[in-house]
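Visitor: structure of the sequence below:
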Amino acid sequence: MDFGFTPEQDELRSQARRFLDAELPLDRILAWSSDPARIDRGLWKRVADLGWTGLTVPEAHGGLGLGAVDLIVLLEEFGRSLCPLPLASTDLAVAALTALGSDAQQAAWLPKIVSGDVVATVAILETSDVPTADGIAARAAARGADVALGGTKLFVPDGQHADLLLIAAREADSVSLFAVPADTPGVTVTPLVGVDATKPAAEIKLAEAVVPASSRLGAAGGAWPTLARLLDRQTITHAAEMVGAADAALRMAVEYAKVRQQFGSPIGRFQGVKHRCAEMLCDVESARSLVYFAAWALDSSPEQVPTYAAMAKALASEALDQAGEECVQIHGAIGYTWECHAHLFYKRGRQSHVWLGAPDEHYERVMTVLEQR
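Guide: Numbers count the residues shown, from 1 in each chain. Take a look at the predicted model:
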């Protein structure tokens, strides 16, 4: 295992940082979060032109065919900028189509995702708990040559922006996955109001939404093993965004501590502030190392993915939650104002702490995996 990044990955990181700093500075993120709207399709097309929407799409369908480590490099920068664009959710849909889709299904959807013409997401969750196969209550019932979908999906990432919904539903006693265009009759998408407006999510109601049986990805009732792996992938990509956001909050706090004067001296000289920043740095670097290893495992050591996905999410949740809170505290009174950007990181930390499972749930999962060995 190589513990360093390739020159190409370093360049990808630099390119992403330049682009996001120019196009999505925190002032623009602040303005957008006060009045969330649909994503800027023009900006999304520019992201596609850079090749990022096709980063992990096979080359046969117009993508770059790169791996999870390359994706993590990019998503860490998206997290650092609190970028609301649906790159992580689209990647999850790409992974689902690549793993379960037929050649025809992949040819129909993947090139459109690469070009930026289609935004896609995967709808699995129905409660706030970490999902299991038994927890999928949405139903799929045969209607001649078609399938009728019914039920409700919650916390669907970027559901309000998606053109294509990959919906997990119970078919007989097992779980299937269906590719459903968002404009299908019977599909109602309602944006959810969360603590963090920069991580959009939606509720999707299915009222006898009829789709062709050919929209099923893979065999009937055979989707859950793949969905379980996709949830680990989603956990890791989300942890990468959290590490980027935590690092940005740390840097903001440190920069402010250098210039804020108290008793004739920068507050960064006081031990109480220095110690807080040092502890944040240790937390961020520990979480970052786990995220990088988990991403490597996605490509090279699948048997280790469940353990390290859980460990990475737990530490990243704690690191961002702490960094967001300390950033506000170190800024003092101004940190509590809307105009200060510190609250954006605090909100990201609060919402991300429980999204896809709180740290305690993931620590318990790690113990369960270790006990089974």
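Visitor: Leu64: what's it in contact with?
Guide: 51, 54-57 (Cβ atoms under 8 Å, 6 or more residues apart in numbering). Just so you know, the C-beta spots here come from the backbone N, C-alpha and C atoms, and that holds for glycine as well.
Visitor: any chance of those residues in JSON lines with distance to Leu64, neighbour count and pLDDT as columns?
Guide: Output for these, formatted as JSON lines (distance: Cβ to Cβ, whole Å; neighbours: other Cβ atoms under 10 Å; pLDDT from 0 to 100):
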{"residue": "Gly51", "distance to Leu64": "6", "neighbour count": "16", "pLDDT": "96"}
{"residue": "Gly54", "distance to Leu64": "6", "neighbour count": "24", "pLDDT": "96"}
{"residue": "Leu55", "distance to Leu64": "5", "neighbour count": "24", "pLDDT": "97"}
{"residue": "Thr56", "distance to Leu64": "8", "neighbour count": "22", "pLDDT": "96"}
{"residue": "Val57", "distance to Leu64": "7", "neighbour count": "25", "pLDDT": "97"}
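Visitor: strands of this structure, residue ranges please.
Guide: 120-123, 139-143, 146-157, 164-171, 174-181, 187-191, 201-212, 216-217, 261-262, 265-266 (DSSP state E).
Visitor: tally of neighbours for the nearest residue to Leu281 once chain neighbours are set aside?
Guide: What sits nearest to Leu281 in space, not counting adjacent residues and going by Cβ to Cβ, 6 or more residues apart in numbering, is Leu250, at 6.3 Å. When neighbours are defined as other Cβ atoms under 10 Å, Leu250 has 27 of them.
Visitor: domain parsing for the chain?
Guide: 7-119, 121-217, 224-371 (automatic domain parsing).
Visitor: report the central residue of the chain.
Guide: For the chain, the residue nearest the mean C-alpha position is His238 (3.8 Å; Cα atoms, centre = their mean).
Visitor: please name the nearest non-neighbouring residue to that residue.
Guide: His238 sits nearest to Leu356 (Cβ to Cβ, 6+ apart), 5.9 Å away.
Visitor: now do the same contact list for the one you found.
Guide: Neighbours of Leu356 in contact, by Cβ under 8 Å, 6+ apart: 130, 231, 234-235, 238, 313.
Visitor: my guess is Ala148 contacts Pro212, does it?
Guide: No. At 11.2 Å, Ala148 does not count as touching Pro212 under the criterion of Cβ atoms under 8 Å.
Visitor: more crowded one of those two?
Guide: Neighbours were counted for Ala148 and for Pro212 using other Cβ under 10 Å; Ala148 has more, 18 against 11.
Visitor: now tell me which helix or strand of this protein has the poorest mean pLDDT.
Guide: Every helix and strand in the chain was compared by mean pLDDT, DSSP states H and E; the lowest is strand 261-262, with a mean of 80.
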